[in-house]
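return atomic coordinates for the entry below.
(chains A and B)
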There are 2 protein chains.
Amino acid sequence: MAASSDLVKGNAIVGQSGGPTAVINQSLVGVVEGLRMGLKAAGVVDRIYGMRHGVKGLTKDDLVDLTDTHQDRLDRLALTPSAGLGSTRDKPDPAYCERILEACKKHNIRYYFYIGGNDSSDTCRIVREKAKATNYDLRCFHVPKTIDNDLLENDHTPGFPSAARFVAMACMADFMDNISLPGIKINVVMGRHAGFLTAASALARRRDREFDEVPSHTTDGPQLVYCPEVPFDLDRFVTDVEAIYSKKQRCHIVVSEGIADKDGVAIGAKLIKNAQVDSHGNVQLSGSGALGDQLGDLLKEKLTPAGGKPPRVRADTFGYIQRCWPDASVIDRIEARRSGRFAAQLAMQGHFDGSVAIVRTSSGSAAFLGERDGDAYASDYKRVELSQIAAKTRHMPAEFLSGHNNVSRKFIEYCLPLVGELPGFERL
Amino acid sequence: MAASSDLVKGNAIVGQSGGPTAVINQSLVGVVEGLRMGLKAAGVVDRIYGMRHGVKGLTKDDLVDLTDTHQDRLDRLALTPSAGLGSTRDKPDPAYCERILEACKKHNIRYYFYIGGNDSSDTCRIVREKAKATNYDLRCFHVPKTIDNDLLENDHTPGFPSAARFVAMACMADFMDNISLPGIKINVVMGRHAGFLTAASALARRRDREFDEVPSHTTDGPQLVYCPEVPFDLDRFVTDVEAIYSKKQRCHIVVSEGIADKDGVAIGAKLIKNAQVDSHGNVQLSGSGALGDQLGDLLKEKLTPAGGKPPRVRADTFGYIQRCWPDASVIDRIEARRSGRFAAQLAMQGHFDGSVAIVRTSSGSAAFLGERDGDAYASDYKRVELSQIAAKTRHMPAEFLSGHNNVSRKFIEYCLPLVGELPGFERL
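Have a look, this model is predicted:
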């Protein structure tokens, strides 16, 4: 730890950016707690501010003073989904970062914490560079957050385990619903470029049958899982569904909202009318049922027997409740909180910048094997350079995929310990 | 209770019909337990069968013997969403009911239990009439089930409290998400003709502010709630949203999938392409995001300022997880189980037919007032005639509605005790 004398005195600020999650407020509370226990207690930091709606609020003097917010309120806030400070989709360019720096100078901010994805890490990096260039001692830390699980250097990111838990439970329950009545069901899951969340749907299958002679993915839903890492072919999709539907008169399918063809053109973006583009240049994929409906229409058209009735096809798009459902994974709650505290600790240790990354220190195979005496899951935190995270995207590794429409056992082993205990369903 | 000698000896059968719920298996287990404790223990009933996929399985000899299924399995099944026996959408006509009766005679069925909505009650009624006409002693009982809460004579129906809990929690979390970033959010909720489930979204608001001078429905989401009982006018809808959006730059809206115009034409059915019609003559409303997307497109078009950008509008259709989410309301679990047991008890008492209805015996205002010493919720069960339920639909009473886009305090008082404890969220 740095001597207090090495630490620049002033104020600290924390903000939240991008899509909210069920645990981003845990990270916010973690940063505030970490500062109170460290730099504030040491007399280095005076005020702890929050930015309303991220950098947008900072540049408009829209701040909230969290220095003395009661711990009870913080504890309740930590259990509240969504971004408690408000969030923003603004992706600052160099001129915007200049205004951020001016705002920091105005409020004597010396410790800057930003909770978000790879764009937020990039904002931290640029602001830090600009501060250095003007000899203003501003220390910038990034705290990871994204349900997409697409940050490099992280075993996984806070927010992902809770969203994965929701997707797994929704698919478990929806598959039971699907086998109650005949028909084809399509569920559309968030994840523009990374398929981790879509892949988590496979946790819905019974694991005791997963690697039997008859693989459970042919019997248990979801039987077909399409991640954006694998080029999506509409004809092959129809063939896949037909093979299962012709045998079972039903089929349970999960597709990522970000599925794209071999040329990288998103199937969803092609189909959505009046598509909106955000300030990052991304086409809106969530908040619309269009992709699922179009895939459903395609199946009805292609699988209608000559002179017969089309199959019963339903499509649900899980939507925003994936990222905000209040029954968060317990591990995710803990890790998101500790990620925030760890960032405050990096500042206390005298670091000038950095991003927090989660390292898995014990695999957690006990969860997979259902054993009490197996290898329990454990994780730790490390500092990585902002540039290692900034504006980079992690994808599902090949070893997590199996063929073009399934995930591997390795992925199940990876994901299962993160989501917490899933309900045990009984069938007659 | 009837003397055992008054009771016809033979077998019993139980089936499930219509859309599954989170607790329909509780009712199934309740019937089986009730029979075991009563008619089976008394030596009146020999075998207890289940119909696979309701009357469809019964007429095809697709039965499962539940007489000796271990209680542990039943207890796990009770906690499993979906219809454990499989369900059906078949609505038997008189000829079909004839085949049902023949199947009952073939398997010496004397006690017939059918878990479902008003159509299922009607099937019970017709089968019972046909049996009487041929002097076959077949005793027919209906156990209520529907997330729509649209059965007459019932304070509420098993399945509704759990679905209402899901909708309330989803709207709580989604509203927090909505205020994290600017924009308009539309959520589409199940309920073809009855608005109870849509109305349950209003439980998402903070109750401490609900009846302040500034009503919380103007500050807390959902700010606008559209039930199918009130004719839906597209122009008025746009005006409603504009009034809130122009003040707050956001708006949180819930609409029923069954909203219809003043002539009774469903807004959803008008917009959905390739609409499917089920065997009851109903147009498919669920399992598609079309209604939400079309309403979203309308708002984008109408609320775009001259020369400006359209507002950010997102629409989610909650879909099938509303009815199968595995975190059921505790009261719903208990009541669904007891409804099934009560039906078996009616048979033991010597009744020849009947439907089970839930009666509220204590209002449960403690839940509304947040008091421990207030009036605790309590319910009981009564027998009603099959014809009182059969093929009839209950709607939201006028006293549960407030204006054309809100619900009343009376509805909140009615619904809140049913859903169980909701999470407490904190705001900065």
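
surely residue A:62 touches residue A:50?
No - here residue A:62 does not reach residue A:50: they are 9.7 Å apart, not a contact under CB atoms under 8 Å. All C-beta spots, glycine's among them, are computed from the backbone N, C-alpha and C.

burial count for the residue lying closest to residue A:341 once chain neighbours are set aside?
Distance criterion CB to CB, 6 or more residues apart in numbering or on different chains; nearest residue to residue A:341, sequence neighbours excluded, is residue A:34 at 3.8 Å. Here the number of neighbours of residue A:34 (other CB atoms under 10 Å in any protein chain shown) works out to 26.

cool, and the one 5 residues further on?
Here the count is done by other CB under 10 Å, and residue A:39 has 24 residues near it.

per-residue confidence at the residue nearest to residue A:341?
Residue A:34 carries a pLDDT value of 98.

quick revisit: which of residue A:62 and residue A:50 has more neighbours?
Ranked by neighbour count (other CB under 10 Å), residue A:62 and residue A:50 place residue A:50 first, with 26 against 14.

helix, strand or coil: sort out the more buried one for me.
Of the three states, residue A:50 takes strand under DSSP: H, G, I helix; E, B strand; the rest coil.

just grab the bridge partners of it for me.
residue A:14, residue A:64 (DSSP bridges).

ok and the residue in chain A nearest chain B?
For chain A and chain B, the shortest gap (CB to the nearest CB) falls at residue A:289, measuring 1.3 Å.

isn't that residue right next to residue B:294, touching?
No - the pair residue A:289 / residue B:294 is not scored as a contact, 10.1 Å apart, by CB under 8 Å.

between the two, which is the more surrounded one?
residue A:289 (27 against 18).

quick one: contacts for the residue lying closest to that one once chain neighbours are set aside?
Counting by CB to CB, 6+ apart, residue A:289 lies nearest to residue B:289, which is 1.3 Å off, once chain neighbours are set aside. Counting by CB atoms under 8 Å, 6 or more residues apart in numbering or on different chains, residue B:289 touches A:288, A:289, A:290, A:292, A:293, A:315, A:316, A:317, B:188, B:315, B:316, B:317.

what count of nearby residues applies to residue A:243?
There are 14 residues near residue A:243, going by other CB under 10 Å.

got it, and residue A:207?
Residue A:207 has 18 nearby residues by other CB under 10 Å.

what separation do you get for it and residue A:185?
Here the distance between residue A:207 and residue A:185 works out to 21 Å (CB to CB, to the nearest Å).

do the same with residue A:116
Where residue A:185 is concerned, residue A:116 sits at a distance of 34 Å (CB to CB).

cool, residue A:294 as well?
15 Å.

buried sites along stretch A:90-98?
Under the neighbour-count criterion of 16 or more other CB atoms under 10 Å in any protein chain shown, stretch A:90-98 has A:90, A:91, A:92, A:96, A:97, A:98 buried.

test my guess that residue A:362 contacts residue A:155.
No - Residue A:362 is beyond contact range of residue A:155, at 11.1 Å (criterion: CB under 8 Å).

so where do the strands sit in the stretch 1-150 of chain A?
Here the stretch 1-150 of chain A has its strands, by DSSP state E, counting those that start in this stretch, at A:10-16, A:45-51, A:63-65, A:109-116, A:139-144.

ugh, typo on my part, it should be the stretch 301-428 of chain A
Under DSSP E, counting those that start in this stretch, the stretch 301-428 of chain A gives strands at A:313-317, A:353-363, A:377-384, A:401-402, A:406-407.

let's have these in a markdown table, adding mean neighbour count, mean pLDDT and distance to residue B:380.
Shown next, in a markdown table, are these (neighbours: other CB atoms under 10 Å in any protein chain shown; pLDDT from 0 to 100; distance: least, CB to CB, whole Å):
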| stretch | mean neighbour count | mean pLDDT | distance to residue B:380 |
| --- | --- | --- | --- |
| strand A:313-317 | 27 | 94 | 37 |
| strand A:353-363 | 20 | 96 | 52 |
| strand A:377-384 | 16 | 97 | 47 |
| strand A:401-402 | 19 | 96 | 53 |
| strand A:406-407 | 24 | 95 | 49 |
